[in-house]
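Trainee: build the 3D model from these lines:
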Amino acid sequence: MPPRFPEGSTAYDKDGRAYTVEEVDGGMVYCTASNGVETEFPESALLNEAEWAARSDGRRDDAYVRIKQSRAYLAPASGISKDAADQMLARADNLFPGLLDFIAVSVAEKVLADSHDENLAAQLSIKKCRAIYDEAKPEARAAVMAGVLGAAPDKLVQAAGVGDNLLRAMIEKGLDAAAFDEFQDRPRR
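Mentor: Numbering: from 1, shown residues only. Coordinates of the predicted model:
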């Protein structure tokens, strides 16, 4: 039978903080936090990855409700037409496959960080974040994308009407290319 906490695996405390397991000895789990601090817990105080994923305390599900109701998705996007926003979003997704997923997760991570729940960001589901993003009005989605890219929403939407090259240039200018490339390697769960 494999050990509950193999060396190098991730263990979670009751608040969802993740630790790397260094050693298990005599019912104690010796761990290292992401900031390098070493700590120890009784084995009964931690959950392994499978147990954490199966846990249903509602905290992670509550995070999706907060994301959906965040100012990012509810703030009115003035000066943007629905049709123009739809056109821009479709072109952006065509030019940069996976960009809308990246935008949805980036906004979700920011919402969690603003509410001091950044420890839940690692467990975010890309599919659930994207579903929240897709439920928003096109004008709000365009404004959210513009916010992540550091662009004016109306200018970003207008760029799609001018042509793909201008839209591509605006996206590339504001996109954190390293973070986007790293995101592309994440499993879509």
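
Trainee: what residues are up against Asp117?
Mentor: Going by C-beta atoms under 8 Å, 6 or more residues apart in numbering, Asp117 touches 63, 66. All C-beta spots, glycine's among them, are computed from the backbone N, C-alpha and C.

Trainee: from Gly147, how far off is it?
Mentor: Using C-beta to C-beta, to the nearest Å, Asp117 is found at 20 Å from Gly147.

Trainee: how about Ser106?
Mentor: Ser106 is 9 Å from Gly147, by C-beta to C-beta.

Trainee: anything in contact with each of those two?
Mentor: By C-beta under 8 Å, 6+ apart, no residue touches both Ser106 and Gly147.

Trainee: which parts of this protein are strands?
Mentor: Along the chain, counting by DSSP state E, strands occupy 10-12, 18-25, 28-33, 38-42, 47-48.

Trainee: now the helices for this structure?
Mentor: With DSSP state H as the criterion, the chain has helices at 49-54, 59-68, 71-74, 82-95, 99-114, 126-135, 138-149, 153-162, 164-174, 177-184.

Trainee: tell me which of those helices sits nearest to Glu40.
Mentor: helix 49-54 (18.7 Å; C-beta to C-beta).

Trainee: pull the CA atoms of the closest one into PDB?
Mentor: In PDB, the C-alpha atoms belonging to helix 49-54 read as follows (Å, rounded to 0.1, in the frame of the first residue of the first chain):
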ATOM      1  CA  GLU A  49      -4.100  15.800  -3.000                       C
ATOM      2  CA  ALA A  50      -6.800  13.200  -3.600                       C
ATOM      3  CA  GLU A  51      -8.400  14.000  -0.200                       C
ATOM      4  CA  TRP A  52      -8.200  17.700  -0.800                       C
ATOM      5  CA  ALA A  53      -9.800  17.400  -4.300                       C
ATOM      6  CA  ALA A  54     -12.700  15.300  -2.800                       C
END
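
Trainee: centroid residue for the protein?
Mentor: Val105 (2.9 Å; C-alpha atoms, centre = their mean).

Trainee: got the domain boundaries for this protein?
Mentor: Annotated domains of the chain cover 10-54, 59-184 [automatic domain parsing].

Trainee: identify whichever of these lies nearest to Pro3.
Mentor: domain 10-54 (6.5 Å).

Trainee: what residue in this structure is the furthest from its centre?
Mentor: In the chain, by C-alpha atoms, centre = their mean, Gly26 is the one farthest from centre (37.2 Å).

Trainee: quick one: low-confidence parts of the protein?
Mentor: 1, 54-61, 76-77, 189 (pLDDT under 70).
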